[in-house]
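In: sequence first, predicted model second:
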Amino acid sequence: MSKLLEAIDEISPELRLPLLKAFTYLKEEIAETVKKSDFERFEKATEENFNRVWKAIEELAEAQKRTEQRVEELAEAQKRTEQRVEELAEAQKKTEEEIRELSQAIKDTRKEVGGLSHTIGYTLENQAFKALPHLLNERYNLTVEGTLTRRFIEYPDGREDEINIIGTGSLNGKKINIIGEAKVQLSQKHIDSFLKTIKRLEPIIHGDKFLLMVTHSAKPSVVSYAESKSIAVFFSYEF
């Protein structure tokens with residue numbers, strides 16, 4: 001019975017007293033109903049059984065303790081994971097904001113570059129308006145009538161084209177429409193696009209046309225391509 005009492009001593013105080021009372025009542029009841037020799041054998045067997053039960057309880061308590069510790073570890077790991085997710089979400093939010101700001105900066109830059117490109121283009125056109133009448137007369141014996149200007153041409157379907165250089169003139173006594181375009185650096189792509197515009201203008205502007213392009217720079221192959229399409233090329237340094 002001493003081992004049983006030792007085992008009971010290991011139980012928490014709030015459970016120890018009720019358990020001792022229960023064992024005492026059980027012992028008294030058994031003593032009243034069995035002989036002393038039988039009781040001693042029963043007491044020994046009971047102690048062994050209680051020891052086995054107590055050992056099982058201890059093992060169960062230890063297992064529960066390990067389980068609780070594991071649960072705490074998992075809870076802590078989950079907490080760290082949630083914190084990491086929050087950090088990643090915050091980082092993603094900052095990245096998206098930086099991308100948005102960068103995208104806006106790119107848009108602003110494109111707008112500024114576009115505005116600068118238009119300014120350079122208009123400057124080139126304005127120079128051409130003044131210089132072309134003399135150059136056309138000198139090189140092609142083409143006399144400009146009135147002034148050259150830029151104009152928007154509207155089509156019946158509502159679409160429109162901006163013509164950089166447009167005017168009228170006479171060549172060998174015959175009226176001719178002067179149509180041109182200004183490009184900072186002339187390319188074959190610009191020439192092909194210009195020819196498509198001329199094709200769209202056919203129903204609007206009738207009669208003979210003198211086509212020209214003015215530029216700051218162009219490769220010799222591009223100039224040759226333009227001349228093969230009956231397009232005169234003028235450089236800004238000639239102005």
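Out: Received it, and whenever you're ready, just let me know what you need.
In: quick one: the strands in this protein?
Out: 142-154, 160-171, 174-185, 209-217, 231-235 (DSSP state E).
In: redo these as CSV? Include distance to residue 93.
Out: Just so you know, the C-beta spots here come from the backbone N, C-alpha and C atoms, and that holds for glycine as well. Formatted as CSV, those follow (distance: least, C-beta to C-beta, whole Å):
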stretch, distance to residue 93
strand 142-154, 46
strand 160-171, 43
strand 174-185, 42
strand 209-217, 46
strand 231-235, 53
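In: could you dump those into JSON lines with distance to residue 80 and mean pLDDT added?
Out: Conversion of these to JSON lines gives the following (distance: least, C-beta to C-beta, whole Å; pLDDT from 0 to 100):
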{"stretch": "strand 142-154", "distance to residue 80": "65", "mean pLDDT": "94"}
{"stretch": "strand 160-171", "distance to residue 80": "62", "mean pLDDT": "95"}
{"stretch": "strand 174-185", "distance to residue 80": "58", "mean pLDDT": "95"}
{"stretch": "strand 209-217", "distance to residue 80": "62", "mean pLDDT": "96"}
{"stretch": "strand 231-235", "distance to residue 80": "69", "mean pLDDT": "97"}
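In: out of those strands, flag the one nearest residue 77.
Out: Among the strands of the chain, strand 174-185 comes nearest to residue 77, with 62.1 Å by C-beta to C-beta.
In: adjacent strands (with direction) for the closest one?
Out: With DSSP bridges as the test, strand 174-185 is paired with strand 160-171 (antiparallel), strand 209-217 (parallel).
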